[in-house]
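A.B. asks: Give me a 3D structure for the following:
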Amino acid sequence: METHRTPPNVSRHGRQRGESAPATTGGRALAACRDRLHSAVTLLAGANIALRGTVEARDRVLGELREAERAQDAFVIAAVHELKTPLTAVKGRAQLLRMRCGRGAGVTMDQVRSDLLEIESAANTLAAALDDLIDEVERPLPVMAVTDDRTSDPVKRPGTS
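C.D. replies: So this is what the prediction gives:
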């Protein structure tokens with residue numbers, strides 16, 4: 001009994017390795033599908049590389065924005081602290097002078113009292129404005145709208161309405 005061995009460079013269908021399938025309708029369709037699939041995989045791989053670069057760039061920019069926000073917050077908080085310290089001293093001094101005038105020290109009390117009330121009022125207004133500034137700094141930034149470049153329609157992010 002003799003066994004028939006196929007030479008190494010011939011497929012079991014009798015074609016040389018590397019030859020295309022017979023020129024049948026099914027063979028042509030399969031070849032076209034494989035070509036389209038190969039093109040799609042190549043396109044997808046390129047798009048994936050571009051997307052990865054875009055995501056990395058976005059992450060770098062977000063990191064820089066967060067760092068800038070932290071620096072801004074630190075600056076404003078330091079500025080407010082630096083302004084509140086002398087303001088507290090001025091306000092305290094105005095309150096003390098008003099109390100001394102209330103005891104009667106031979107000065108025109110109405111005039112001194114009026115001036116000191118204005119100083120105190122201005123100090124209160126400034127302190128309230130600084131408090132508002134701190135509240136604004138502590139408030140989170142609004143979420144930026146993202147648009148789909150293909151349609152220019154807003155893309156809804158999770159957690160937004």
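A.B. asks: Show me the shaky parts of the chain.
C.D. replies: 1-23, 104-107, 144-161 (pLDDT under 70).
A.B. asks: Now do the strands in it.
C.D. replies: 146-147, 154-155 (DSSP state E).
A.B. asks: Helices along this structure, start to end?
C.D. replies: In the chain, the helices defined using DSSP state H lie at 25-103, 109-138.
A.B. asks: just checking, what packs against the first one?
C.D. replies: Yep, that's helix 25-103 we're talking about. helix 109-138 (3 or more C-beta pairs under 8 Å, 6 or more residues apart in numbering; DSSP states H and E). All C-beta atoms are positioned from the backbone trio N, CA, C, and that covers glycine.
A.B. asks: list the buried ones in the helix it packs on?
C.D. replies: Val112, Leu116, Ile119, Glu120, Ala123, Ala127, Leu130 (16 or more other C-beta atoms under 10 Å).
A.B. asks: got the residues you listed as a markdown table, with distance to Val76 columns?
C.D. replies: Listed next are those as a markdown table, based on distance: C-beta to C-beta, whole Å:
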| residue | distance to Val76 |
| --- | --- |
| Val112 | 36 |
| Leu116 | 30 |
| Ile119 | 25 |
| Glu120 | 25 |
| Ala123 | 20 |
| Ala127 | 15 |
| Leu130 | 10 |
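A.B. asks: tell me which of those is nearest to Val143?
C.D. replies: Using C-beta to C-beta, Leu130 comes nearest to Val143 of the buried residues of helix 109-138, at 27.5 Å.
A.B. asks: Thank you kindly, that will do.
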